[in-house]
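Student: predicted model and sequence below, questions to follow.
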Number of protein chains: 2
Amino acid sequence: MDKYMLKRRIDTAAGRIPADMVIKNCKIVDVYNSAIIEGKSIAITDGYIVGIGDYQGRQTIDAEGRYAAPGFIDAHIHIESSYVTPEEIGRLLVPHGTTTIIADPHEIVNVCGINGLNYMLEASKGTRLDIRYMLPSCVPATPFESSGAILDAERMKDPIKDAQILGLGEFMNYTGVVEAEDEVLSKLLIAINEGKIIDGHSPSLSGNALNAYVACRIRTDHECSTKEEMLERLSRGQYILLREGSACHDLRTLIKAVTPANSRRCLLCSDDRQPETILRLGHLDNHLSICVEEGIPPITAIQMASLNAAECYGLLDRGALAPGLRADIVLLDDLTDFHVYQVFIKGEEVSREGKYLPEVQRYDISAVQGCFNVKDFSVDKLRLKSRSRRVNVIDILPGGVVTAKGTTEVTLNQEGDFVWQPDQDIAKIAVIERHNGTGNIGLALLRGYGIKSGAVALSIAHDSHNIITVGTNDEDMAFAVDNLIKQGGGIVLVKNGDVINSMPMVVGGIMCDRPGEWVSEKLAQIHKDAYEQLGINKEVEPVMTLCFMSLAVIPEIKLTDKGLFDVMQHTFIPIEA
Amino acid sequence: MDKYMLKRRIDTAAGRIPADMVIKNCKIVDVYNSAIIEGKSIAITDGYIVGIGDYQGRQTIDAEGRYAAPGFIDAHIHIESSYVTPEEIGRLLVPHGTTTIIADPHEIVNVCGINGLNYMLEASKGTRLDIRYMLPSCVPATPFESSGAILDAERMKDPIKDAQILGLGEFMNYTGVVEAEDEVLSKLLIAINEGKIIDGHSPSLSGNALNAYVACRIRTDHECSTKEEMLERLSRGQYILLREGSACHDLRTLIKAVTPANSRRCLLCSDDRQPETILRLGHLDNHLSICVEEGIPPITAIQMASLNAAECYGLLDRGALAPGLRADIVLLDDLTDFHVYQVFIKGEEVSREGKYLPEVQRYDISAVQGCFNVKDFSVDKLRLKSRSRRVNVIDILPGGVVTAKGTTEVTLNQEGDFVWQPDQDIAKIAVIERHNGTGNIGLALLRGYGIKSGAVALSIAHDSHNIITVGTNDEDMAFAVDNLIKQGGGIVLVKNGDVINSMPMVVGGIMCDRPGEWVSEKLAQIHKDAYEQLGINKEVEPVMTLCFMSLAVIPEIKLTDKGLFDVMQHTFIPIEA
């Protein structure tokens, strides 16, 4: 800050000069005293609140008796999971009262490395939403698949110093922490010695193993799914992020463990939130209404979405409505549905009645486009060569991302390749390495997907985002893969040699350069076609199910570009059972 | 931290290697959940807590069922007001459970400038108590007296960067802030732009003026004396320090405004605490027992003395008992009297049953000794030359530091000098500049002190600590001043040409290089002699009353080396009424 600005701030606060803007006639949510302040205005100058009191401004906003709350902070979100770019996530979230998000660009960095990070940092400047980042800690997430980049401790040293980067992203390799693996220690020390925050991710960790994890100053956890887990972590000093995303719904369970004594250590987050969910349910406004529905006092809920998150992440310039803080303000019609009327970020009106007002400045995506380096792919590479009709299959368990390991008898041709049978719900699945031109292909059999003709291919496959394809015949699968590469990634549906639908995701092959509404609508069409044209099992989410099929940390059995992986045994296994 | 230490920490937490120390059989105070954890031990390695659970250690402490609480943090204290050095304050406070203090060396820096600050920083290394400092913001405190040093914004630039310095000390010049004075802005910006904390001091400030003060990111206040003041400041985002010192007793009043909703923003502090108070009542253990007596739940009280203070001052390595935090632990017999049995700092037992255990390493005081540069002082300089028998007098108001402006008729000799009369309780008072050899002397008349013979001289005179003397005759006054200078400062009582008692304070003329017990005992003797030998009014605190006689910010009328100052009119006035 310079002296001129500080003087203006004081002069305005003291009432000697008019404020840039005054919001009058509002019920101010005081998150410090858990009270509502009535009969006072909020004075704003140079984007900061200068006073709560009686003020004159060059511009006056009449809040018409609405509640004024501090802007909401999502403590943990992967923008990539919304399939849109940072500029666009701003356009989608801000109308719901979100003014700050803490994003972990784990996916794009797994694909594009530091280039991906830099793209996200730059693209974030195209939205008024304040996007802070955590540096992904686990790139690659596991050694069992090929990622587009390796972010080791050495490569973290510079980016961790960036002011927009608050610390190290969720440390998923919790086993590595508890076992004190050398490279893990190097990464942790990068953050610890820079005085930066480390986010946690350690589902089910407990007792002394949890102590070991927390003793490294891993400050947060957003993976609790039971009250007991949450209370133990709180007691060990972790902040708990109550998650409500598109896939994971922990908020209603965890909110029951929130008490007046521990609420200050509780935050809200979405982790993954698809455009469809945002457009239908909203964002933290939805979290807040769930909290209140579950019996949490409204201001306690707002604290979780503001002050608590600001404290946890050291964002000392926000989290409340008070002099000296950023004028990130949400005007709400009520404190039950938390219907957002108007949003101000740094004193600028950025949304009214659900509409994002500023122009969205789309950042050049060329640095993260065309991320496909696939070597020697052809339909021949899809031939399976099993020496036995008795095979291992990946069993889909509908409604989640966990799979089961099954065995069965299948029909093979003379070369040992799988022959699809209409009466058996088993299809061929392939994962094609796309980053380093290794020519790697993993092949396996998937049961329960229901596909009855054609093929699906996509380039969203956590965490390395290689190409996944499933189909009833190799030709459609190969055609789908070829088209997927041609369109720069995304999703392709093929039937009888024709692309029947496709969704290009040209940003790293995992995000669209289109509006969220388009993404949402397109995904709905793709789901419809997947069910109706390809006959995919309606109990299965046709896209998401495949997206997690390479994630070799989730039980029981997964397929990566390196082969069929038994997560429980921690080893690759052959197709033959 | 290095990798070896991090690995040891994890290995110990995970139970693979024994801890350095395990505290077993304790009721662990969980300040995060406001709960008591029973049946678990605290494991400590390399001075840090690594786990709460079942552990083996090379050393085992049996807490015998006592409560284990996080070490207490005094959020604001002036060590100089205890008349002892930093090493010694550690010896006095630690047995009461205090493990961290945030000290403002305002007094010594007013006397010795940056030399004084450096002395404090170095001397602090001689105690296990973790002493963090705030950089005094108002040196000199006012332009109405001569200080030993000037600490302007330019001179603050380097020290503010010191890791042991958390920010800018209480910004007493609140008028300067609200009026946006140029030099004030420069000082504030030093802290703001370094991302450091600014402590507040703004009694009675309210409304838009308070907004202006807080808009500069002044984070704390320890001067509230009413619930209303406290709630307004909380609502504007300030942390409130509930003060209980030797002179100011705000805790019982303010504690009534503490609620479950706002307690997280409340801290405890002592501001000024004399050895006698520490030895008789304790320190934060005393604050805690007062809180509980006033109906605050014990763990809420402990939070104020630990977690809340750690959060406010960004001391992220302490404030609770949890893995990864400093092993600053207090074993308490109970949660009502908060009787402290044992204290650990960074895993070392530093106190047991009221006794400080480590050796106190006394730091060389030569840099802050002999701070007396008095020019041309002689008995002649004490001659008053009033042109009128009708004079202004400083009226003592017993029980506080506020004075009243009185007028009366006195006896003068031919030269216009004051002639002391046994039947009138009026004595001559002089303030002699001692830092810059200016030869300045302020002379005035003091009513109500009660002195009946001899003189008192002292070199503790807030905030510039010039020499103050009061007496019935010039010769005793001059003799007292001469002896005070000779002994390196402190307090001298003279009667009939003899020194009848004296307390040398050789550290800057404001602190003793002796143990707190000696200071306490000596002060008691001096009080006794002041009352019995010099006949000072028993309703008046004979030392403290004079200590604040130069403080030109406290109403109504004061005397500095520059003359008689009317605080209400903000101007110097003549002796003649």
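Tutor: All right, it came through fine.
Student: how about the residues of the stretch 1-150 of chain A by chain B?
Tutor: Residues of the stretch 1-150 of chain A lying close to chain B by Cβ under 8 Å from any Cβ of the partner chain are A:1-3, A:6-7, A:9-11, A:13-15, A:30, A:32-35, A:37, A:43, A:48-55. Every residue, glycine included, has its C-beta placed from N, CA and C.
Student: what residues does the stretch 151-300 of chain A have near chain B?
Tutor: So the stretch 151-300 of chain A meets chain B at A:177-180, A:182, A:185-186, A:188-189, A:192-193, A:207-209, A:211-212, A:214-217, A:231, A:234-237, A:259-262, A:264-265, A:299 (Cβ under 8 Å from any Cβ).
Student: can you name the residue of the stretch 351-500 of chain A nearest chain B?
Tutor: Using Cβ to the nearest Cβ, residue A:463 is the residue of the stretch 351-500 of chain A that sits closest to chain B, at 24.2 Å.
Student: isn't that residue right up against residue A:109?
Tutor: No. With contact defined as Cβ atoms under 8 Å, residue A:463 does not reach residue A:109; the gap is 9.7 Å.
Student: any common contacting residues for the two?
Tutor: By Cβ atoms under 8 Å, 6 or more residues apart in numbering or on different chains, residue A:463 and residue A:109 have these common neighbours: residue A:139.
Student: neighbour count for those two, which is higher?
Tutor: Ranked by neighbour count (other Cβ atoms under 10 Å in any protein chain shown), residue A:463 and residue A:109 place residue A:109 first, with 30 against 23.
Student: now that one, what's its secondary structure?
Tutor: Following DSSP: H, G, I helix; E, B strand; the rest coil, we place residue A:109 in the helix state.
Student: do I have it right that it meets residue A:116?
Tutor: Yes. Using Cβ under 8 Å, residue A:109 is in contact with residue A:116, at 4.7 Å.
Student: list residues touching both of these two?
Tutor: residue A:149.
Student: and stretch A:296-309, end to end?
Tutor: By Cα to Cα, to the nearest Å, the extent of stretch A:296-309 from end to end equals 17 Å.
Student: show residues contacting that stretch.
Tutor: A:29-32, A:34-36, A:69-75, A:100, A:102, A:239, A:242, A:255, A:258, A:260, A:263-268, A:284, A:287-288, A:291-292, A:315, A:318-320, A:335-336, B:261.
Student: for those residues, which ChimeraX command selects only the ones that are buried?
Tutor: Buried residues within the contacts of stretch A:296-309, by 16 or more other Cβ atoms under 10 Å in any protein chain shown, are selected in ChimeraX with:
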select /A:29,30,31,32,34,35,69,70,71,72,73,74,75,100,102,239,242,255,258,263,264,265,266,267,268,284,287,288,291,292,315,318,319,320,335 /B:261
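Student: so which of the contacts of stretch A:296-309 sit within helices?
Tutor: With helices defined by DSSP state H, the entries of the contacts of stretch A:296-309 inside them are A:284, A:287-288, A:291-292.
Student: burial check on the nearest residue to residue A:33 once chain neighbours are set aside, number of neighbours?
Tutor: Counting by Cβ to Cβ, 6 or more residues apart in numbering or on different chains, residue B:262 is the residue found nearest to residue A:33 once chain neighbours are left out, at 4.9 Å. With neighbours defined by other Cβ under 10 Å, the count for residue B:262 comes to 20.
Student: residue B:262 and residue B:405, how far apart?
Tutor: Per Cβ to Cβ, to the nearest Å, residue B:262 is found 40 Å from residue B:405.
Student: what does residue A:379 give?
Tutor: Using Cβ to Cβ, residue A:379 is found at 102 Å from residue B:405.
Student: so which of these two has more stuff around it?
Tutor: residue B:405 (19 against 15).
Student: could you check which helix or strand contains the more buried one?
Tutor: Counting by DSSP states H and E, the element that carries residue B:405 is strand B:403-409.
Student: what comes up buried for that strand?
Tutor: B:403, B:405-406.
Student: tell me the one of these nearest residue A:476?
Tutor: Set against residue A:476, the nearest of the buried residues of strand B:403-409 by Cβ to Cβ is residue B:403 (96.0 Å).
Student: pretty sure that closest one sits against residue B:552.
Tutor: No. Applying Cβ under 8 Å, one finds residue B:403 not in contact with residue B:552, separated by 11.2 Å.
Student: any shared contact partners between these two?
Tutor: Common contact partners of residue B:403 and residue B:552 (Cβ under 8 Å, 6+ apart): residue B:558.
Student: chain neighbours aside, what residue packs nearest to residue A:255?
Tutor: residue A:294 (4.6 Å).
Student: the one you found: neighbour count?
Tutor: Close neighbours of residue A:294, defined as other Cβ under 10 Å, add up to 15.
Student: for it, what are phi and psi?
Tutor: The phi/psi pair for residue A:294 (degrees, to the nearest 10) reads phi -90, psi 10.
Student: what's near enough to touch it?
Tutor: A:252, A:255-256.
Student: and for residue A:504?
Tutor: Contacts of residue A:504 by Cβ under 8 Å, 6+ apart are A:487-490, A:512.
Student: out of those, which is most surrounded?
Tutor: residue A:489 leads the contacts of residue A:504 on contacts (other Cβ under 10 Å) with 30 neighbours.
Student: give me the pLDDT for that one.
Tutor: As summarised for this prediction, residue A:489 has a pLDDT of 97.
Student: repeat that for the one 10 residues further on.
Tutor: At residue A:499 the predicted local confidence, pLDDT, stands at 98.
Student: next, it: phi, psi?
Tutor: phi -80, psi 120.
Student: was I right about it contacting residue A:483?
Tutor: Yes. Counting by Cβ under 8 Å, residue A:499 does reach residue A:483; the two are 5.4 Å apart.
Student: list residues touching both of the two?
Tutor: Counting by Cβ under 8 Å, 6+ apart, the residues touching both residue A:499 and residue A:483 are residue A:492.
Student: picking that back up, so what's the residue nearest to residue A:33 up against?
Tutor: Shown in contact with residue B:262 (Cβ under 8 Å, 6+ apart): A:32-34, B:231, B:234.
Student: tell me the one among the residues you listed nearest to residue B:416.
Tutor: Closest approach to residue B:416 among the contacts of residue B:262 (Cβ to Cβ): residue B:231, at 53.6 Å.
Student: quickly note the distance from the closest one to chain A.
Tutor: Residue B:231 sits at a distance of 6 Å from chain A (criterion: Cβ to the nearest Cβ, to the nearest Å).
Student: residues contacting that residue?
Tutor: A:33, B:257, B:262.
Student: now do 6 Å
Tutor: residue B:257 (Cβ atoms under 6 Å, 6 or more residues apart in numbering or on different chains).
Student: name the SS class of it, please.
Tutor: Assignment for residue B:231 (three-state DSSP): helix.
Student: now do it against residue A:524, distance only.
Tutor: Residue B:231 is 51 Å from residue A:524, by Cβ to Cβ.
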